[in-house]
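S.K.: Model the structure of this input:
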Amino acid sequence: MITRKGGALEQVSRLLEGPRLLVGHSIAYDCAVWAAEGLVEQVFAKLRRGEIHCTWVYERLGEISGYSSRKKLDLATCLKAHGLPAPSLKDAGLATDFARFIDADEIPEPHRTYALEDLAVGKLYARQRQRFATVPLEALARLTMRQFCLQLLSVWGMMTDGDDVGALQRDAQAALDEIKPLAQ
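M.R.: Numbers count the residues shown, from 1 in each chain. Predicted coordinates:
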């Protein structure tokens, strides 16, 4: 676990510029934080290449496609839906408490365990890939990008024109309409 003081932004920059796929649950939030920290170009480039996938978005696509039932989309619930154990500290309220360790040399317990248990998202993604095999990964990548753009509205407080929101909604609906027949 690397803190900001220990070079976390440099590590994230390397991950964004590398060829490997990045997977996270609600990764749109992480991407918005990275963008706010000055990694805007790298985040957009990685998203445009389709190299960032969100297990939250994937689970929602699975629900829309009929592979999974409707549920809360938090990580613990999604893990349970795929027969995986939920992180022990997921509901401990630690997520909002992380900011105070941003410049720490080490992340103390129980926050360290909380963050490491979040790595279960890799197992969730593997299960989703098996279960939602016919959901096109291009759709997942495009909707992850859209989720990121919507996240920017809340993280950066960007003002949005109502016509633009309607256009985004129509575009997202068209993308979903493309993949619905695959579920049949």
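S.K.: Tell me where the model's unsure across the chain.
M.R.: 1, 90-104, 154-165, 168 (pLDDT under 70).
S.K.: Of all residues in it, which one is nearest the centre?
M.R.: Closest to where the C-alpha atoms of the chain average out (Cα atoms, centre = their mean) is Ile27, at 2.1 Å.
S.K.: surely it meets Ile52?
M.R.: Yes - with contact defined as Cβ atoms under 8 Å, Ile27 counts as touching Ile52 (6.1 Å). For glycine as for every other residue, the C-beta is placed from the backbone atoms N, C-alpha and C.
S.K.: hey, what's in contact with both of those two?
M.R.: The contact sets of Ile27 and Ile52 overlap at 144, 148 (Cβ atoms under 8 Å, 6 or more residues apart in numbering).
S.K.: List the contacts of Val43.
M.R.: Val43 makes contact with 16, 31, 34-35, 148, according to Cβ under 8 Å, 6+ apart.
S.K.: Can you tell me how far it is from Gly62?
M.R.: Taking Cβ to Cβ, to the nearest Å as the measure, Val43 falls 25 Å from Gly62.
S.K.: quick one: the residue nearest to Thr55 when sequence neighbours are not counted and Glu37, what's the gap?
M.R.: Among residues not flanking Thr55 along the chain, His25 sits closest, at 4.6 Å (Cβ to Cβ, 6 or more residues apart in numbering). Taking Cβ to Cβ as the measure, His25 falls 20 Å from Glu37.
S.K.: Compare the two (neighbour count), which wins?
M.R.: Set His25 next to Glu37 and count neighbours by other Cβ atoms under 10 Å: His25 wins out with 23 against 14.
S.K.: Just want the phi and psi numbers for the more buried one.
M.R.: When read as degrees, to the nearest 10, the backbone of His25 gives phi -90, psi 120.
S.K.: Hmm, it is touching Leu75, no?
M.R.: Yes - with contact defined as Cβ under 8 Å, His25 reaches Leu75; the gap is 4.5 Å.
S.K.: Now for these two: what residues contact both?
M.R.: Shared contacts of His25 and Leu75 (Cβ under 8 Å, 6+ apart): 55-56, 118, 121, 124.
S.K.: wait, which of these is closest to Gly166?
M.R.: For these, the closest approach to Gly166 (Cβ to Cβ) belongs to Trp56, at 23.5 Å.
S.K.: My read is that that closest one contacts His25, right?
M.R.: Yes - with contact defined as Cβ under 8 Å, Trp56 reaches His25; the gap is 5.3 Å.
S.K.: shared neighbours of these two, which are they?
M.R.: Joint contacts of Trp56 and His25 (Cβ under 8 Å, 6+ apart) are 75, 78.
S.K.: For this structure, just list every one of the strands.
M.R.: Under the criterion DSSP state E, the chain contains strands at 22-24, 52-54.
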